[in-house]
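> coordinates only, sequence not included:
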């Protein structure tokens, strides 16, 4: 028996079902389901997606048996309707529409009125008693078929039509009479002949064959392929073709056509929402020539049809237990349903609808949770540009930190601070930011830089504060002396307003309308159900007591990454940090010399002692300045950091706080402009020349792979000592206040267990000292980041020392792929566009490559320490697909930006639901 | 039964054997072996290394039973010698010496004359009839025991001795009479009392116990630990203690002591080689107070003893079948052998001795091959500083390229070229070099830079040319305007001579004597045997026809890495390269705009065509300059590269040549100094401002992880096309000349199979074009570097496309460990010094981490393509330990610098020999 390629739906019976979306496409499955449910659907049939893939694979041949099945199905439709394709007094006209599993713009949409030729037009005129209608339908058919199936530029037809309208002195199509339309049809046929070298096909079965071929071909059209690439839809799915009896919405004022949603898909409100046109066919709505009416108007125009439609809509929504997106046509007072499908909706609507449907008993809580895409929540968590607002786009940069904001342009942090404190909204514009700009960044609405990537100072700091940032906007030329920036020939001066969209990178002139985030009761209820379902923990990356409080508010169950260096950037302490750094090397060098000299002195014979004593004294003198600089800076940082930790521990009462010791290369903290160096030189009392030389000394060719992470703490153990002391003194203090404190000390950039061991020894020693001094101990853990491939492949060794792992997938991605995030702009977009890479690996974890190292790391780590606690703290921790991966590989928690905690929580719940059903969790939004 | 801790050797019988080096230490094993062989060894016994480790582990307690065994052994020695420790008329004196498995400076060496006290001194005087001798022996004993066992500064004794000598008005110890020595002994005892708070121990068994404890303790002394760390010797081995009857070399002119080698360990010549002192004890030779005589003098002095010694030496060499390092003492005409061990030797001697011993029938070829350490060959392949030469060290930099050279200092490449061409020896001194300096580097003897690391331009280019280079000598301050450089307060002017040692980084003033490499017949013969034994292939990294010829001369079986970019640095072509780079981005941008515009035009309606045509024309005009720049540069590079490949293919007739497509970030080729940019601007006709902007645009934060490798060829496929065309046109050309050509085209920095696939398509397409044009095809392979962790963990996918893998372990080490080689100087030395890392991972492959990824890559790669050819082309390919690793993991070949090919060949043979015996191949040199 040959394969079944055609599924009929007619007369309340369907060969297919609503579940057969893969085979019939979304539209075909909907039609089958509606027909079976007894709803008024014009009879018809669906050619399967399998037929499409077979057609493509065989070099555009219909698969064997398909055409015969089409003919048989058509005979059945003729039987049901009593009409006949291409003949008789009651000619059957059909619509032909594509319908893939996912709806896709760019594919062939619809050919209406197929089956018309000179004879059937006459029959139609006789049947409807409406000559003009028949000509109009024929005219429309040639034009649509000509464009869509034969590939003739639509303008060529429009142009001819316009000539007649000009001659007649009319503007509207409907004012063109039947006789003129008859002439126009002759001209249309001539156009077809000229453009294709052949007559317009008059045989309706030839028309049908060509239309089916056109639908199949459109699956591989450029726009469709582009769309699938962007939306990660497989090229192998294929499209179905739906052929159904025409219902005419253009047979008079008792006819019409429309689209509607069963609820408001913008707000989620439970109210029917849509529009319709009287006396019109589907493409009139789309074309926008006439303004459609609100669906509520139908109640006045045709109350009975409206009531019927409302009942049908309600039934469909209940049947699918989801908001439906409906198409319908009314032919002389008779309602036909042409399509039903689950409606797309905004994040806000998705949440409200899901929650209300639970209240209505339509769905259960798990289904409600599964109905909201994690990424959709982002809209609820940041201000966003009003999609309806007009915008004047100046340029586009990197979407460095999401959200949107407007403000007056300022070019230096002091002005930003001053105006910000005065309650004015400002946007700080810099070529790039440095720690000196921090105080201005805090008070700016948003930050714009012309240089720097997704991990530049501006981007990292802004994300940490949940503040909008557009970075690396190369077209923006900042002109500090004139206090303005230029984009091409446009000049934006200080004080003028701009609006930034940190989610897309857009820079717009003026104040663009924003939509503020609103955490409504629905959202809160949904998140409660999320918490009941998910199994993997969600923590936040937070560096300040304020961030920690925000994170708790969003539901974070602890801090997965507290970056101590971010605390260093604050204006009040950056000078101490710099003082520490600038004296560190000298301190170490002389310390070592001094130790050697003292040892020599201790074992020296008497006659040599005098000389050695002099040497030691000389070194001690030389040591005095760096020692006081270094130790002094460390001492003041100890005070400051202890205070930070106290605040964070209080905010996270009862929850674990993972604190990472100093990570970035030291030169990141230093000023690089001569002016700033001079200023610092004065402040800390180090000669400018010496200071400049030290800054240059610390320059690195590849800072990502340089002297950073635990390499700092190993060479400068005093820094680790200071940090550990600050953490544990703070912990003891808050424990005294009754706070439940769970510090986890995390050593970064470990590649070898020996590195971790060396730092662990420092931690344990200082801990013992602090606990002895305070007469009070707290429980704490020591663990490490896994962010180097070497750490992953030697995780069994590392877990012998580490009590927990946190996968730093930002750096792990950079090292595994050999890809600097800051430098990837020159080729990564090209890579994604050309499918060399499926995604930006810094947004969505590369599961095949980086993920393989994560799996290796987890397996090896647990092989030597089964109780190992494992999490992730790269930015992937807030990416839904990556959260699902983390759940699947058995991590204990993910950690992400406070502003992405709800997204991660929801993704975690999706992953748990997928476990329940045994299906693979995916995100399609 | 308690453990046996003591092994006696006496009277021709030994409890131990020569094979028990682990247990008895090298010295103890040698003494046991010599005794069993009937050689004249003073009777004695060895306390085992196990006793030492037990002693350390138990908090310095002798293990149970050890002391009893010592007493029993001593009784046996007393029995054999008829002497008695500490008593009677024939007192037994013994020497106590440490002896670990590997000989180690820094451990306690020797205590002689143990057993002396006031009574035994008297007995000794009576026995020898030599009062002065007995006092001298006693004096020496107190001094040595005081220093070594009691830890008293030796100067304190010397000082006292000097006082007496001054009083007596004599200079030599030997001129101090017995009476004075008796007084001195009294003073020595007083010193001991003062320094230790106790009397000098008079009980010989107490002396013995303390001496054994001192030996055990010296195993954990700081110097010994330091030495083991540097030489990678395990701390767990422990040392043995050898106690044997004293033989007195200082009993008159018929006595003496000496050391000798059975062959010349500097040259390998078969001639006994050593020195001796009449009437002396061992420490006199070491102390250097008297100048020893050549061993041949012994023939005149004591012909019978000499003959006996020669026979013993010969017997020992035959017995061990290796050159022996001997210690002996002659007591009143009687020869005693105190030590025999395999002698250390220079590389040159190692080769000659190994080959000649095969000729003599002493060893077989495999043994000969195993006797030469691969690293030793380095001495034979480069000029080296004469170790006997006096040097005036100015400073030390990085040992960037091995070898040594002297020349007159010059500061610019033009002068270097000019003087070099005139036959003068010059050393080019620069802050750092750039491609513009290449012509001068070629003609310089060596290169010195004050900045830049092991992978700086100077270092890489110098290594490629096998030319000596010292890089990054931070103490050298180059002063171009005054044509001089300074180091501290020393000034070296243009034209003055300096000598560089690229193997150690030393910079010396003046012309220091060099030893030129000599590839003698012995060396050639050894390498023939190496070739018979080894199984893994050895290729060379070579970028020019000259290098290829050198590589073939050294035995390379093909080229494993030909870096096409190195060809770009030549002065004649660098401008074309720069022109290509500076126009590439603009070319790409406008090309894309133009393609879009042309497509729009093609499908535009008539009324829009005019406007679009104008747009296209405008773009075409704008495209003209970058197109001619870019295409023009590519065309001229095609010519040049084709010529390079022709030369390389000819040199490698019959052998494969792996050519890597362009790899480094483009900005590496660009000038960065304003002056150079201005010059280039004039040369290629690009406005300076534009040129500067483009150079800045190409700047990267982490160039290692930036737009390089295949990412270049993917974004700019024209570059790959040009290179592939040059390779294959050259291949077709030389095939026509009868050359057997085997090109292997290698795509760098692949992380994802999609990248390789994209580049492979370009290669296959261009190949088909070239072969069609020329009417001739050549066989070629397409493969990839595995130098990213992601490539290793997805090697199964990559091998679906790649026909070969070449592990680029330089970059793989950098990415796996997250370690920039150029920036590692600030912490890597600290890491190695403090045992955080066992070795510099850029010198010796990190087998645990990077090696694990290599294993994963090989296993996965062969899982999908069993015929996959696998090699390595990082600098590890020339490191013996790494070559052995490559053999063990099943690579087909290693590839290294031409000048390291013999080293790799020998290491490969060692690996194959280890397979035969089932033991682990190691390198200890």
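Everything's here; your move. Everything numeric here is computed off the predicted structure, so don't read it as measured data.
> What residues of stretch A:499-511 count as buried?
Buried residues in stretch A:499-511, counted by 16 or more other Cβ atoms under 10 Å in any protein chain shown: A:499-503, A:505-509. For glycine as for every other residue, the C-beta is placed from the backbone atoms N, C-alpha and C.
> what about chain A, any weak spots by pLDDT?
Applying pLDDT under 70 to the predicted model, the residue ranges of chain A that meet it are A:1, A:105-109, A:230-231, A:283-290, A:435, A:455, A:464, A:517-520, A:603-605, A:918-925.
> Taking the centroid of it, which residue is nearest it?
In chain A, the C-alpha nearest the mean C-alpha coordinate belongs to residue A:375, at 5.7 Å (Cα atoms, centre = their mean).
> Between all of the buried residues of stretch A:499-511, which two are separated the most?
The distance between the two most remote of the buried residues of stretch A:499-511 (Cβ to Cβ) is 18.3 Å, for A:503 and A:509.
> Dump the buried residues of stretch A:499-511 to JSON lines, plus secondary structure and distance to chain B.
Formatted as JSON lines, the buried residues of stretch A:499-511 follow (DSSP: H, G, I helix; E, B strand; the rest coil; distance: Cβ to the nearest Cβ, whole Å):
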{"residue": "A:499", "secondary structure": "strand", "distance to chain B": "28"}
{"residue": "A:500", "secondary structure": "strand", "distance to chain B": "23"}
{"residue": "A:501", "secondary structure": "strand", "distance to chain B": "25"}
{"residue": "A:502", "secondary structure": "coil", "distance to chain B": "21"}
{"residue": "A:503", "secondary structure": "coil", "distance to chain B": "24"}
{"residue": "A:505", "secondary structure": "coil", "distance to chain B": "19"}
{"residue": "A:506", "secondary structure": "strand", "distance to chain B": "21"}
{"residue": "A:507", "secondary structure": "strand", "distance to chain B": "20"}
{"residue": "A:508", "secondary structure": "strand", "distance to chain B": "24"}
{"residue": "A:509", "secondary structure": "strand", "distance to chain B": "25"}
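> and those residues as CSV, adding distance to residue A:189?
Formatted as CSV, the entries for the buried residues of stretch A:499-511 read as follows, by distance: Cβ to Cβ, whole Å:
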residue, distance to residue A:189
A:499, 53
A:500, 55
A:501, 50
A:502, 55
A:503, 51
A:505, 50
A:506, 48
A:507, 52
A:508, 49
A:509, 51
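> any idea which element the closest residue to chain B within the stretch 1-150 of chain A lies in?
For the stretch 1-150 of chain A and chain B, the shortest gap (Cβ to the nearest Cβ) falls at residue A:147, measuring 12.7 Å. Assigned by DSSP states H and E, residue A:147 belongs to helix A:131-148.
> name the helices or strands packed onto the helix or strand just after that helix?
Note on helix A:131-148: by DSSP H and E, the next helix or strand toward the C-terminus is helix A:154-168. With contacts taken as 3 or more Cβ pairs under 8 Å, 6 or more residues apart in numbering or on different chains; DSSP states H and E, helix A:154-168 sits against helix A:131-148, helix A:178-196.
> okay but the residue of the stretch 1-150 of chain A closest to chain B is in contact with residue A:153, surely?
Yes. With the criterion set as Cβ atoms under 8 Å, residue A:147 and residue A:153 qualify as a contacting pair; they are 7.4 Å apart.
> Close to chain B: what parts of the stretch 401-550 of chain A are there?
Taking Cβ under 8 Å from any Cβ of the partner chain as the contact definition, the stretch 401-550 of chain A meets chain B at residue A:453.
> picking up where we left off before, output the contacting helices and strands for the helix holding residue A:147.
If contacts are counted by 3+ Cβ pairs under 8 Å, 6+ apart, helix A:131-148 sits against strand A:110-114, helix A:118-128, helix A:154-168, helix A:178-196, helix A:204-218.
> Provide a list of residues in contact with the residue of the stretch 1-150 of chain A closest to chain B.
If you count contacts by Cβ atoms under 8 Å, 6 or more residues apart in numbering or on different chains, residue A:147 has them with A:153-154, A:157.
> okay, those in a markdown table with neighbour count and distance to residue A:386 next?
Written out in a markdown table, the entries for the contacts of residue A:147 read as follows (neighbours: other Cβ atoms under 10 Å in any protein chain shown; distance: Cβ to Cβ, whole Å):
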| residue | neighbour count | distance to residue A:386 |
| --- | --- | --- |
| A:153 | 16 | 36 |
| A:154 | 13 | 33 |
| A:157 | 22 | 38 |
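> Relative to residue B:552, which of those residues is nearest.
Sorting these by distance to residue B:552 puts residue A:153 at the head of the list, at 66.2 Å, by Cβ to Cβ.
> show me the contacts for the closest residue to chain B within the stretch 251-400 of chain A.
The minimum distance from the stretch 251-400 of chain A to chain B, using Cβ to the nearest Cβ, falls at residue A:398 (13.8 Å). With contact taken as Cβ under 8 Å, 6+ apart, residue A:398 is in contact with A:453-454, A:459, A:470-473, A:505, A:825.
> which of these tops the neighbour count?
Top of the contacts of residue A:398 by neighbour number is residue A:470, holding 32 neighbours under the definition other Cβ atoms under 10 Å in any protein chain shown.
> List the residues that contact residue A:346.
Per Cβ under 8 Å, 6+ apart, neighbours of residue A:346: A:265-268, A:376, A:379.
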